[in-house]
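# whatever this is, show me its structure:
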Amino acid sequence: MQQHPSPDLGRDAPPVRPVLDRVAPSLSPTEVDQFWRDGYFGPVDGSVPHDLLDRAAARLDTVIESRARHPLYGRFSVRDWHLVEADILTLFTDPAVVGRLVSLLGDDLVLWRTKVFRKAASEGQLGWHQEWGAFNGEEIGNDVPGLQPASAAVGGLWNLTVWIALDDVEADRGPIRFARRSHRRRFPVEMAAMSKSEFWHDPFLAIDDPQTLVQRARDCSLVLDIDTSHAFDGVDTEHLTLAEARTRILDALSREVGAVTLDFDEAQQDIVSMPMRKGQFVIFTERTMHGSSGNRSDRRRLAINGRVTRADTVVYPGRLRGEVIDGSNLNISHHTCVLLCGRDTSHGRNVFGRPNTESPLDQNAHSRS
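Numbers count the residues shown, from 1 in each chain. You can find the predicted model right below:
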């Protein structure tokens, strides 16, 4: 694991100002009870205007299509574009979102991670999985905790996920699914070949040119969070066929592992499929077994989630020891948290920053003019 000298986090740092000064809880007692009973709440309408939703969706679509290099991570990633794109951050500072989170987690809240999900036309399902609060990268065989809860939170919840639809998500367009009340049990997992894991994503979709496959492998934009940069070392790729290139990638991925959920029988569960309109969102605890069905439509399905934790949670605790590679194999040296509301109660152990207000895509456009 890459290490750096331990940083003096929080030393002489000015008080952190929240994005929202005052947010009142907006769930009724009945709705709070419903969340704790089912493990999720929604879908509900956000208050972000549709023109902003469309603008955010278009920019994220471009990021994925172009395999844009993330300014913070130095490589393609669908993580944390809220830190460099103002429109994306606005999705999660929406009072309609934050007021409901306050009802469930309390007044002091930190947004620490976002992730974009684009399910292409005819793309298959995302398998059933749950997360018990560490976010350690077990989906790709890692064990590097992303969160360390305060002692006061142990035994309860310290993180929630907000999943926002950026397209209309009809029943045939790959909606998110939940196993109602499954958050009461922690299902075991085991590591298996990456292609057999719950998180397997076909890396060859819409690629019909071997040189595109080679280039994406070399710049690590082919398989999220997996280093494929050496897959074609020592290979004359100039005359490589698509079939030969695919075989080479599959051979490289055969040595990678991912999580497989055990003892979960969908037929024995109360499964809820959740079609949503653009701009609607659902809040859930990741302990609730969740996944998504396949996209049977001829259109992409775009969504984004945000992870929100209590402000007394330590985000990326390894960074306190100088460890800067997270469970997704990203260098988080430049990652910062966003204080949504309330106070920073981490005693200086978390790193906060002010996200940029200009899209990196706009910056790229300026540099070309």
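# can you map out the strands along the stretch 51-200 of the chain?
109-119, 126-129, 147-148, 159-165, 176-179, 189-193 (DSSP state E, counting those that start in this stretch).
# if you could redo that for the stretch 251-369 of the chain, that was the one I meant.
Ranges of strands in the stretch 251-369 of the chain, per DSSP E, counting those that start in this stretch, are 257-261, 271-274, 280-284, 290-292, 301-310, 314-315, 338-341.
# strand partners (parallel or antiparallel) of the second one?
This points to strand 271-274. strand 176-179 (antiparallel) (DSSP bridges).
# average pLDDT across the partner strand?
Mean pLDDT, computed over strand 176-179, is 98.
# which residues sit against it?
With C-beta atoms under 8 Å, 6 or more residues apart in numbering as the test, strand 176-179 has contacts from 38-40, 128, 163, 169, 264, 266, 269-274, 276, 282, 284, 288-293, 303. Just so you know, the C-beta spots here come from the backbone N, C-alpha and C atoms, and that holds for glycine as well.
# next one: stretch 60-77
With contact meaning C-beta under 8 Å, 6+ apart, stretch 60-77 is reached by 78-81, 83-84, 88, 116, 118, 166, 216, 219-221, 224, 300, 302, 304, 330-332, 334-335, 360-361.
# and it, what's buried?
Using 16 or more other C-beta atoms under 10 Å as the test for burial, stretch 60-77 gives 60-61, 63-64, 67-73, 75-77.
# these two touch, right, residue 147 and residue 132?
No: using C-beta atoms under 8 Å as the test, residue 147 is too far from residue 132 to be in contact (10.4 Å).
# neighbour count for the two, which is higher?
residue 147 (21 against 14; other C-beta atoms under 10 Å).
# what's opposite the more buried one in the beta bridge?
Beta-bridge partners, per DSSP bridges, of residue 147: residue 315.
# residue 341 is nearest to which of the strands of the stretch 51-200 of the chain?
Closest to residue 341 of those is strand 109-119 (C-beta to C-beta; 5.4 Å).
# and the helices in the stretch 1-150 of the chain?
Under the criterion DSSP state H, counting those that start in this stretch, helices of the stretch 1-150 of the chain are mapped to 29-38, 50-66, 86-92, 95-105.
# now mean pLDDT too, for these, in TSV please.
Shown next, in TSV, are the helices of the stretch 1-150 of the chain (pLDDT from 0 to 100):
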stretch	mean pLDDT
helix 29-38	97
helix 50-66	95
helix 86-92	96
helix 95-105	97
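# tell me which of these lies nearest to residue 188.
Among the helices of the stretch 1-150 of the chain, the nearest to residue 188 by C-beta to C-beta is helix 29-38 (22.5 Å).
# which elements pack onto that closest one?
The contact analysis (3 or more C-beta pairs under 8 Å, 6 or more residues apart in numbering; DSSP states H and E) places helix 29-38 against strand 40-45, helix 95-105.
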